[in-house]
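S.K.: next comes the sequence, and after it the predicted model I'd like to discuss.
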Amino acid sequence: MLSDGPGVVPGPSDSMPVGPTPGAESRAPAYAVGPRSGARPAEYAGAAHGTYPAAPDGVFGAAPVMAPEAGPGYLPEPRHGGGAWTGSSPDAAWAGSAAPGYAVSAAPAGPPPGPAHPPPAVHAVEVADEGLWEGLRNTVRHEMVARQIDEQMAARFPAGQRLRVLDVGLAHGTQALRLARAGHEVTALESDPATVAAVRRVLAAGPAEVRDRVRLLEGDGRDTGAHFTPGAFDLVLCHGVLMYVPEPDPLLAGLARVLAPGGLLSLLVRNADALALRPGLAGDWDRALAAFDSPYDTDRTGVPVRADRREALAATLAGIGAPLRAWYGVRVFTDPPSCPRPADLDRLLAAEDRAGRTDPYRAVAALLHLCGVRGG
């Protein structure tokens, strides 16, 4: 676990050990190549921010794992239709060979552009329609956001720099664990004790050098000032949180405050500018008409949520000293009534990646990923 260190205000609530003695992070290279966080273990089922059901045989495996001989010139390539993940932890395969269902293929010769960030993940999905949809939606969301974050990191930080990362609203822990596995020092602030406990169990089952780079804190994202000093982080993630916050401006101002000069703020929000599109395509006319006049809706579990407009968020980011520098659409094609097939995952991800950075498609995505930079 990371020690308090510069930028962290120590307090009783901050003492939440997750692993061995601090300082072990020096045992791993700054950008160690390893599996990206993939399917969630069974104990995650029913957690506050959604569920990753276990994958049945013949569907998708969990996160790709580097084979023992794989190195900087290799990328794991998912083999669809391979075996399912059956371990008690998504990190079970750290012990050795590549996971069932995955093959390792050679990448083009030469050094990778920027830091050697972990390879793409494939999340487990169910055969049942609802489970399939949730699995695909979450796969696309996490994979697109991961690619986009890596792109922005490579553009703004020197290759190999170990970043100080804050993840506000841990949810599945996908990005936090992925960045920790890549060698960054990650602090996660999460208000739901069950989510914190579940991620703690994943860390306990994984490598010590990853566990030592993660600090888990229970707390509200609006209280960053009580936990951290100004300029404490190089990268701040706030994904899927603003939709539950009626007045997001104070939260965003607090996030900008803890960003170091030149630091990157990554926001993932529901897209209010396209809120009527998906219910309209599905023939839900009452919901489509309501979406023209209100940013409020309910998520797939019936929980009330709020969407944001890009122009309004851009104005807020400019006002708090972290102006918008890049934005993407996330999930252009994956939500109902479209019907992607599991076997098409590679092409689906390629299409989503292209659409998420291309006008006019990105503007009608279900989610928006906005990246602001502290001090411009």
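M.R.: Looks like it came in fine.

S.K.: in three-state terms, label A188 for me.
M.R.: A188 falls in the strand class when you classify it by DSSP: H, G, I helix; E, B strand; the rest coil.

S.K.: ok, it - contacts?
M.R.: By C-beta atoms under 8 Å, 6 or more residues apart in numbering, the residues touching A188 are 166-167, 170, 173, 176, 196, 199, 214-217. C-beta: built from backbone N, CA, C; applies to glycine.

S.K.: what are the bridge partners for L166, then?
M.R.: Beta bridges link L166 to T187, V236 when assigned by DSSP bridges.

S.K.: I'd like the contacts of A188 laid out as TSV, including distance to G231.
M.R.: Output for the contacts of A188, formatted as TSV (distance: C-beta to C-beta, whole Å):
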residue	distance to G231
L166	12
D167	17
L170	22
G173	25
A176	20
V196	25
V199	26
V214	21
R215	17
L216	22
L217	18
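
S.K.: in helices, which of the residues you listed fall?
M.R.: If you go by DSSP state H, the contacts of A188 have 176, 196, 199 in helices.

S.K.: longest strand in this structure, please.
M.R.: Counting by DSSP state E, the longest strand found in the chain is strand 259-270.

S.K.: state the mean pLDDT of that strand.
M.R.: Averaged over strand 259-270, pLDDT sits at 98.

S.K.: so which bits of it are buried?
M.R.: 259-260, 263-270 (16 or more other C-beta atoms under 10 Å).

S.K.: now the element after that strand, going C-ward?
M.R.: Following strand 259-270 in sequence order, the next helix or strand is helix 277-281 (DSSP states H and E).

S.K.: how about low-confidence regions in the chain?
M.R.: Scanning the chain for pLDDT under 70 picks out 1-133, 337.

S.K.: run the last query once more with 80
M.R.: Low-confidence segments of the chain, defined by pLDDT under 80: 1-134, 300, 336-343, 376.

S.K.: and the helices in it?
M.R.: For the chain, helices defined by DSSP H occupy the ranges 129-156, 174-181, 193-205, 208-211, 224-227, 249-257, 277-281, 285-293, 310-319, 345-355.

S.K.: quick one: buried residues of the longest one?
M.R.: By neighbour count, and taking 16+ other C-beta under 10 Å as the criterion, the buried residues in helix 129-156 are 131-153, 156.

S.K.: what's the answer for stretch 341-350, then?
M.R.: Residues of stretch 341-350 classed as buried by neighbour count (16+ other C-beta under 10 Å): 342, 345, 348-349.

S.K.: these two touch, right, G262 and R156?
M.R.: Yes - look at G262 against R156 with C-beta atoms under 8 Å: they come within range, at 6.8 Å.

S.K.: intersection of neighbour lists for those two?
M.R.: Counting by C-beta under 8 Å, 6+ apart, the residues touching both G262 and R156 are V373.

S.K.: and the residue lying closest to D223 once chain neighbours are set aside, how far is that from A307?
M.R.: In space, D223 comes closest to G254 once its chain neighbours are excluded; the distance is 7.6 Å by C-beta to C-beta, 6 or more residues apart in numbering. From G254 over to A307 the distance is 21 Å, taken as C-beta to C-beta, to the nearest Å.

S.K.: can you check C371 too?
M.R.: From C371 over to A307 (counting by C-beta to C-beta), the distance is 19 Å.

S.K.: thinking again about what came up before, and which of the buried residues of stretch 341-350 is nearest A226?
M.R.: Of all these, L349 has the smallest distance to A226: 39.2 Å, by C-beta to C-beta.

S.K.: so who does that closest one touch?
M.R.: 120, 139-140, 143-144.

S.K.: and the gap between it and L255?
M.R.: 29 Å.
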